[in-house]
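Peer 1: 3D model of this:
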Amino acid sequence: MVGTPDQVVVLTHLWWTDQGPLEDPYAPDLDVLRIQRERVLELADLVVPGHGPSFIPGPRTPR
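Peer 2: Reported below is the predicted structural model:
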């Protein structure tokens, strides 16, 4: 997580891309994955996922 004067950017592997997957097949605990995603979405203005371009989270972001 990086804070700038304008935004909070989160670099994470909680998402592969802005499309998901909704249920990460490598996550050992999907409930923990969902909780951690919600925590990030409460703070992030921009997400840099593990395998795709950065995205601005919104209502369609997989949780």
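Peer 1: Quick check: pLDDT value at residue 52.
Peer 2: Turning to residue 52, the model gives it a pLDDT of 89.
Peer 1: Likewise for residue 19?
Peer 2: 90.
Peer 1: Could I get the contacting residues of it?
Peer 2: Contact analysis of residue 19 by C-beta atoms under 8 Å, 6 or more residues apart in numbering lists 52, 62. C-beta coordinates here come from the backbone N, C-alpha and C atoms, glycine included.
Peer 1: show me where this protein has strands.
Peer 2: 2-3, 8-11, 46-48 (DSSP state E).
Peer 1: Looking at these, which one is packed in the most?
Peer 2: strand 46-48 (a mean of 18; mean count of other C-beta atoms under 10 Å).
Peer 1: all helices of this structure, in order?
Peer 2: With DSSP state H as the criterion, the chain has helices at 30-43.
Peer 1: quick revisit: specify the stretch among the strands of the chain that is closest to residue 17.
Peer 2: strand 46-48 (10.0 Å; C-beta to C-beta).
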